[in-house]
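Enquirer: Can you look at this prediction? I've put the sequence above it.
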Amino acid sequence: MELSVLILAAGKGTRMKSILPKVMQPLAAKPLLAHVLETAQKLQTARTIVVYGHGGELVQKHFSDASIAWALQAEQKGTGHAVQVALSQLPETGKTLILYGDVPLTTPETLQKLLDLVTDASSLGLLSVNLANPTGYGRIVREGGVVQRIVEQKDASEAEKQITEVNTGILCVPNEHLHQWLPTLKNNNAQGEYYLTDIIALAVNHGVVVRTHQPQAAWEVEGINDKLQLATLERVYQHLQADDLMRAGATVIDPSRFDVRGTVTIGMDVSFDVNVILEGHNQLGNGVKIGSNCVLKNCVLGDGVEVRANSVLEGAEVGANAIIGPFARLRPHTKLGANVHIGNFVETKNTIMADGAKANHLAYLGDSDIAERANIGAGTIFCNYDGANKSQTLIGADVFIGSNTSLIAPVTIGEGATTGAGSTISKDVPAHHLAVARGIQRNIEGWQRPRKQK
């Protein structure tokens with residue numbers, strides 16, 4: 001049967017206390033709805049429809065590049081009403097998987113098993129879960145082990161409230177039944193809403209078998225209504241990322257203090273100390289070591305690279321056996337060769353450093369090309385910006401830049417050249433020359449330091 005996926009994402013999320021729509025709240029730096037859409041894309045779906053409402057313009061703008069059909073639920077009158085507004089976009093045949101934009105962690109494997117329960121119009125698939133404390137959830141009412149209906153918490157009797165099997169809201173329904181049953185839903189309940197769950201009783205009345213499946217873990221079907229629940233599922237998600245990396249051979253010192261906000265590929269014997277954050281896509285080679293409190297975003301690190309504590313790397317490519325940090329910052333378009341050393345409080349931007357080059361202390365290297373084995377002294381600044389334009393600094397092989405040197409771009413330092421400490425270099429330096437550009441020292445005898453007046 002051809003599959004459609006319908007995602008209900010119209011809720012305001014009042015308890016979030018946020019200007020963002022609920023489905024735009026971030027989990028692992030991505031909107032909740034993005035997680036659900038990515039899961040849907042892993043299924044063999046013919047179409048994906050998102051029912052939107054509060055903050056719909058923002059939601060549609062964010063996902064403007066996605067292959068999504070949209071259905072507006074201008075008034076929120078319940079889950080049944082949400083599906084009703086999308087009915088015109090669902091074909092008469094096939095089946096529809098109904099998901100929720102605030103339930104981000106359901107796995108494709110769980111959903112596929114639910115889909116497999118519905119092979120024709122004689123059955124309907126329901127994802128349920130057993131909870132030790134089912135308060136607030138709709139209960140699955142069975143007779144002789146067969147599902148008969150779902151009763152919501154506010155409409156449940158005391159006996160029904162003791163049932164621990166609850167409805168997750170996730171359903172797989174043959175389309176012909178949706179078209180037949182949805183227009184008949186009533187709102188004569190405590191909430192005055194049109195419940196999607198009422199179709200379970202309709203299915204039983206029409207002789208359609210309700211088949212259930214349960215996820216491996218309850219967190220797969222947990223929805224997010226406030227920031228506390230958001231934080232709880234954030235940690236669940238991050239533990240899952242750490243688990244995957246450890247199964248792949250990585251050492252994660254403390255999974256509770258480790259965050260992946262994107263994707264990462266690793267070689268063998270990679271290790272992560274505490275409070276590491278990986279954003280975007282990072283590719284780490286064999287033997288890479290990431291120290292505590294480091295942030296990596298969209299980086300490629302070669303074999304044996306060590307990133308020491310408190311360093312921030314973004315859009316950088318680092319060659320084998322390089323050492324970065326502690327307290328280093330590599331900005332976008334930084335490309336470092338093998339055995340490069342970037343030390344404490346060194347910042348690079350749009351800079352190439354060839355094999356063996358070093359900048360060990362307190363330097364800013366912007367818009368530059370630094371050749372093999374060059375040594376950049378402490379306190380060096382590449383003055384690359386004149387207030388309007390940026391210019392490049394070229395450093396030859398085996399150059400030695402003395403401490404506290406300012407290089408005013410555009411400037412070229414030839415191979416093997418040296419600059420004296422404290423120099424301000426504004427002209428090219430030929431190969432193997434010493435350049436000294438600083439004021440002549442004067443010692444003034446008898447000079448008195450100013451004193452505060454009493």
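Expert: Nice, I can see it.

Enquirer: low pLDDT regions in the protein?
Expert: Along the chain, segments meeting pLDDT under 70 are nowhere present.

Enquirer: residue closest to the middle of it?
Expert: Arg261 (3.0 Å; CA atoms, centre = their mean).

Enquirer: Is my assumption valid that Trp70 occupies a position in a strand?
Expert: Yes: counting by DSSP: H, G, I helix; E, B strand; the rest coil, Trp70 is located in a strand.

Enquirer: May I have the beta-bridge partners of it?
Expert: Trp70 has these beta-bridge partners by DSSP bridges: Val50.

Enquirer: Tell me who's in contact with it.
Expert: By CB atoms under 8 Å, 6 or more residues apart in numbering, Trp70 lies in contact with Ile49, Val50, Tyr52, Gly56, Gln60. C-beta coordinates here come from the backbone N, C-alpha and C atoms, glycine included.

Enquirer: distance of it from Glu57?
Expert: Trp70 sits 11 Å away from Glu57, taking CB to CB, to the nearest Å as the criterion.

Enquirer: Same question for Ile381.
Expert: 46 Å.

Enquirer: quick one: Ala201 is in a strand?
Expert: No: according to three-state DSSP, the state of Ala201 is helix, so it is not within a strand.

Enquirer: Could you check how many residues crowd around Ile266?
Expert: 19 (other CB atoms under 10 Å).

Enquirer: picking that back up, neighbour count winner among Ile381 and Glu57?
Expert: Using other CB under 10 Å as the criterion, Ile381 and Glu57 rank with Ile381 on top: 17 against 9.

Enquirer: Just to check, the more buried one is in contact with Leu407?
Expert: Yes: look at Ile381 against Leu407 with CB atoms under 8 Å: they come within range, at 7.3 Å.

Enquirer: Break this structure down into its domains, please.
Expert: What automatic domain parsing lists as the domains of the chain is 3-221, 249-435.

Enquirer: Include distance to Leu233 when you put the ones you listed into TSV, please.
Expert: Shown next, in TSV, are the domains of the chain (distance: least, CB to CB, whole Å):
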stretch	distance to Leu233
domain 3-221	6
domain 249-435	13
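
Enquirer: Tell me who's in contact with Gly285.
Expert: Residues near Gly285 by CB under 8 Å, 6+ apart: Gly267, Leu301, Gly302, Asp303, Gly304, Val305, Ala320.

Enquirer: Next secondary structure after the lengthiest helix in the chain?
Expert: In the chain, assigned by DSSP state H, the helix with the most residues is helix 227-247. Going down the chain from helix 227-247, the next helix or strand is strand 251-252, by DSSP states H and E.

Enquirer: That following strand pairs with which strands?
Expert: Strand pairing for strand 251-252, determined by DSSP bridges: strand 271-272 (parallel).

Enquirer: neighbouring contacts of the strand it pairs with?
Expert: Leu245, Ala250, Thr251, Val252, Ile253, Phe258, Val288, Lys289, Ile290.

Enquirer: The first one: what's its closest spatial neighbour, skipping adjacent residues?
Expert: Excluding the flanking residues, the one nearest Leu245 by CB to CB, 6 or more residues apart in numbering is Val252, at 6.1 Å.

Enquirer: now swap in the third one and tell me
Expert: Among residues not flanking Thr251 along the chain, Ser271 sits closest, at 4.0 Å (CB to CB, 6+ apart).

Enquirer: Just list whatever residues bridge to that neighbour.
Expert: With DSSP bridges as the rule, Ser271 is bridged to Thr251, Lys289.

Enquirer: State the number of residues packed around it.
Expert: 17.

Enquirer: Over to the one 4 residues further on?
Expert: Using other CB under 10 Å, Asn275 is surrounded by 17 other residues.

Enquirer: so what's it closest to, chain neighbours aside?
Expert: Asn293 (4.7 Å).

Enquirer: Quickly find the element holding the one you found.
Expert: Using DSSP H and E, Asn293 falls outside every helix and strand.

Enquirer: hang on, the residue nearest to the centre of the chain packs against Val276?
Expert: No: at 11.1 Å, Arg261 does not count as touching Val276 under the criterion of CB under 8 Å.

Enquirer: coming back round to it: between the domains of the chain, which one is nearest to Arg235?
Expert: Nearest to Arg235, of all those, is domain 249-435, at 7.0 Å by CB to CB.

Enquirer: First-to-last residue distance for that closest one?
Expert: One end of domain 249-435 sits 51 Å from the other (CA to CA, to the nearest Å).

Enquirer: Next, the buried residues of stretch 153-169.
Expert: For stretch 153-169, a neighbour-count test (16 or more other CB atoms under 10 Å) marks Ala156, Glu160, Ile163, Glu165, Val166, Asn167, Thr168, Gly169 as buried.

Enquirer: residues in contact with stretch 199-208?
Expert: By CB under 8 Å, 6+ apart, the residues outside stretch 199-208 that reach it are 80, 121-124, 126, 147-150, 171, 173-174, 177-178, 181-182, 184-185, 209-210.

Enquirer: wait, isn't Ile342 in contact with Ala359?
Expert: Yes: using CB under 8 Å, Ile342 makes contact with Ala359 at a distance of 5.8 Å.

Enquirer: which residues do those two both contact?
Expert: In contact with both Ile342 and Ala359: Thr348, Met353, using CB under 8 Å, 6+ apart.

Enquirer: Tell me which of the two has more neighbours.
Expert: Ile342 (31 against 26).

Enquirer: Pull out the buried positions in the helix or strand harbouring the more buried one.
Expert: In the assignment (DSSP H and E), Ile342 maps to strand 341-353. Neighbour counts using 16+ other CB under 10 Å place His341, Ile342, Gly343, Asn344, Val346, Glu347, Thr348, Lys349, Asn350, Thr351, Ile352, Met353 of strand 341-353 among the buried residues.
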